[in-house]
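Peer 1: Coordinates only, no sequence provided:
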Ligand SMILES: [Zn+2]
Ligand SMILES: [Zn+2]
């Protein structure tokens with residue numbers, strides 16, 4: 001194998017500069033216009049053609065392989081968050097109220113690093129590599145149109161991989177989890193409608209508040225009733241709305257929540273159970289219920305072949321060790337949609353470094369990364385892509 005470590009070192013400064021550029025100009029989900037333009041300009045310099053689905057900020061670029069065979073898909077996300085950054089860094093966000101607080105700036109920069117390194121190694125034997133740049137990950141968007149476009153292309157995809165930079169893990173470690181790595185999500189809103197009236201005469205009204213409270217408790221108890229204690233799931237209800245004053249029964253009351261789960265079949269199980277339970281409670285209390293799915297994502301499930309390929313790539317990357325924990329994350333990520341389509345792996349690259357101020361959790365206004373982690377990520381992804389598919 002060519003000297004990948006040296007090739008990565010040669011591009012490391014550019015990766016840092018790209019990341020800082022994206023960090024200073026963060027863009028919210030579905031609005032990654034200038035980020036996308038920067039990325040496409042670099043890909044054009046590298047002569048890697050870009051395919052962009054209509055009406056989308058997501059796009060992919062396919063690097064030809066020097067040997068035939070199914071392609072390796074690598075995915076990065078590009079969006080920032082509506083957070084006001086607190087930072088003394090020279091590369092602090094220049095946009096009020098918008099910040100790269102999840103590290104997607106680093107994902108995009110690392111992917112450009114990988115594209116640069118691999119396009120410089122065109123003579124080396126490897127199958128095609130598809131670089132996916134995804135819009136709107138933070139709001140569960142941007143992946144479907146990319147997957148549709150890939151399905152419509154003639155590209156044969158053998159395996160997918162993605163990296164999420166991860167501040168709870170120190171720089172120099174990578175977490176590669178067997179099987180389920182992140183939770184699936186079913187997010188919902190339930191609106192109950194009764195008949196409002198004066199608080200002094202509950203008998204003359206149909207109060208939607210009491211059934212709503214009843215539902216909050218019953219829904220929260222669902223996991224223990226529905227699934228084995230050896231599996232895991234959580235129901236969270238974080239928003240309850242209804243009424244304006246203590247002596248008025250409102251017409252309607254609503255709640256918003258979600259379920260996190262690790263088995264794909266649990267989506268249907270919970271969705272149906274929430275429907276049935278809500279309808280039963282509504283009829284008991286004499287209100288009508290409207291149940292709306294806000295979003296859903298499958299769990300992120302790593303496949304055994306991709307996990308071994310990733311562990312080999314990590315073991316060949318100098319100064320990168322495997323993080324020992326195999327505990328999955330309860331958060332969700334639409335990399336799950338890619339891994340439902342193709343066997344693959346989503347790994348967590350440590351970027352925590354207290355001395356450099358990179359110890360805040362993701363989505364915190366003080367979040368930052370140890371930029372030295374990025375070169376490890378670039379090398380890991382290059383080595384993953386260059387391994388022959390077995
Ligand atoms: Zn995030
Ligand atoms: Zn993220």
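Peer 2: Cool, got the structure. For clarity, every value in this text was computed on a predicted model and none was experimentally measured. Numbers count the residues shown, from 1 in each chain. Ligands and ions are numbered 1, 2, ... in the order given.

Peer 1: Please determine how far residue 108 is located from residue 356.
Peer 2: 21 Å (C-beta to C-beta, to the nearest Å). Any C-beta I mention is one placed from the backbone N, CA and C, and that applies to glycine too.

Peer 1: ranges for the helices of this protein?
Peer 2: Along the chain, counting by DSSP state H, helices occupy 4-24, 33-45, 104-120, 144-152, 209-220, 222-226, 266-285, 304-315, 335-341, 372-386.

Peer 1: export those to a markdown table and tack on mean neighbour count, distance to residue 366 and mean pLDDT?
Peer 2: Below are these laid out as a markdown table (neighbours: other C-beta atoms under 10 Å; distance: least, C-beta to C-beta, whole Å; pLDDT from 0 to 100):
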| stretch | mean neighbour count | distance to residue 366 | mean pLDDT |
| --- | --- | --- | --- |
| helix 4-24 | 18 | 13 | 97 |
| helix 33-45 | 16 | 22 | 98 |
| helix 104-120 | 26 | 15 | 97 |
| helix 144-152 | 17 | 32 | 96 |
| helix 209-220 | 18 | 32 | 97 |
| helix 222-226 | 15 | 33 | 96 |
| helix 266-285 | 17 | 35 | 98 |
| helix 304-315 | 19 | 29 | 98 |
| helix 335-341 | 22 | 25 | 97 |
| helix 372-386 | 26 | 17 | 97 |
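
Peer 1: Quick one: closest of the ones you listed to residue 88.
Peer 2: Proximity to residue 88 (C-beta to C-beta) singles out helix 4-24 among those, at 13.6 Å.

Peer 1: quick one: the closest one to helix 33-45, angle?
Peer 2: Interaxial angle of helix 4-24 relative to helix 33-45 (axes from the mean of the first three to the mean of the last three C-alpha atoms, to 10 degrees): 150 degrees.

Peer 1: Leaving out chain neighbours, which residue sits closest to residue 205?
Peer 2: Excluding its sequence neighbours, the residue lying closest to residue 205 (C-beta to C-beta, 6 or more residues apart in numbering) is residue 197, at 3.2 Å.

Peer 1: let me redo that: residue 364
Peer 2: Spatially, and ignoring its direct neighbours in sequence, residue 364 is nearest to residue 101 (6.4 Å; C-beta to C-beta, 6+ apart).

Peer 1: For that neighbour, give me its contacts.
Peer 2: By C-beta atoms under 8 Å, 6 or more residues apart in numbering, the contact list for residue 101 reads 80, 81, 83, 85, 362, 363, 364, 365, 367.

Peer 1: Excluding covalently adjacent residues, which one is nearest to the first one?
Peer 2: So that's residue 80. Of all residues not flanking residue 80 in the chain, residue 26 sits nearest, at 3.2 Å (C-beta to C-beta, 6+ apart).

Peer 1: what's the neighbour count on the one you found?
Peer 2: Counted by other C-beta atoms under 10 Å, the residues lying close to residue 26 total 26.

Peer 1: Check the spacing between it and residue 58 real quick.
Peer 2: Distance from residue 26 to residue 58, by C-beta to C-beta: 17 Å.

Peer 1: circling back to that earlier point, which one of the helices of the chain lies closest to residue 166?
Peer 2: helix 372-386 (9.0 Å).

Peer 1: tell me the angle the closest one makes with helix 4-24.
Peer 2: Following the same axes, to 10 degrees, one obtains 120 degrees for the angle between helix 372-386 and helix 4-24.

Peer 1: re the thing from before, is it correct that the residue nearest to residue 80 is in contact with residue 105?
Peer 2: Yes - here residue 26 lies in contact with residue 105, judged by C-beta atoms under 8 Å, at a distance of 7.0 Å.
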